[in-house]
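Trainee: Could you look at this predicted model? Sequence included:
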Amino acid sequence: MVINGPNLNLLGIREPEYYGNRTYDDLVMSTREAASELGCETEFFQSNHEGDLVDYIQKAYFDHYDGIVINPGAYTHTSVAILDAVKAVKIPTVEVHISDVSSRDDFRQISYIREACIATVMGKGFDGYVDAIRILLEELA
Ligand code: DQA
């Protein structure tokens, strides 16, 4: 399950200096293709709403998904609810950020979700999602 949080639907429009020029649809297509070459089936979900992201983390549990790749967007830095959801479902989860958040604003240095994730990938653009899937496949092997 590949979950993207707020404003990631605006990829291609928002701050290209951080997120590049390609769109959310490009992200879905290129990640799905790379995942399928790795033998992995993916479902994608994006929402601007915190509770929807929690619902999809829970859906990953109820529908027996093997792993979660999540870019919670700005909720990375604020959401205890998303942290609690990942802790609750105990599904191996990798946190992804398109930009290198470690070199950005102070408020982006906090990640609530990180402690519940097996790894964090940041600053690798769209390729970071494929790296995250590789990490999950290694974990699950
Ligand atoms: C982001 C980084 C966050 O700080 C920001 O709020 C986002 C995107 C990234 O992918 O680099 O929305 O998660």
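Mentor: It's in.
Trainee: Around the ligand, which positions in the chain sit nearby?
Mentor: By the criterion of Cβ under 6 Å from any ligand atom, the positions of the chain lying close to the ligand are 7, 71, 73-74, 76, 97-99, 101, 108. For the C-beta atoms, the positions are set from N, CA and C on the backbone; glycine is no exception.
Trainee: what about 8 Å?
Mentor: In this structure, the chain approaches the ligand at residues 5-8, 14, 18-19, 71-77, 96-101, 104-105, 108, 122-123, judged by Cβ under 8 Å from any ligand atom.
Trainee: Which of those residues are buried? Put it as a ChimeraX command.
Mentor: For anyone working in ChimeraX, the buried entries among these, judged by 16 or more other Cβ atoms under 10 Å, can be selected with:
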select :5,6,7,8,19,71,72,73,75,76,77,96,97,98,99,101,108,122
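Trainee: Keep only those of the residues of the chain next to the ligand that are in helices.
Mentor: When DSSP state H is applied, the residues of the chain next to the ligand are split such that 18-19 fall in helices.
Trainee: Excluding chain neighbours, what is closest to the spatially most central residue of the chain?
Mentor: Taking Cα atoms, centre = their mean as the criterion, residue 70 is the residue nearest the geometric centre of the chain, at 2.0 Å. Counting by Cβ to Cβ, 6 or more residues apart in numbering, residue 3 is the residue found nearest to residue 70 once chain neighbours are left out, at 4.5 Å.
Trainee: outside of the helix or strand containing the one you found, which residues touch it?
Mentor: For residue 3, the element it lies in under DSSP states H and E is strand 2-4. Counting contacts by Cβ atoms under 8 Å, 6 or more residues apart in numbering, the residues outside strand 2-4 that touch it are 24, 27-28, 31, 42-47, 53, 56-57, 68-73, 129.
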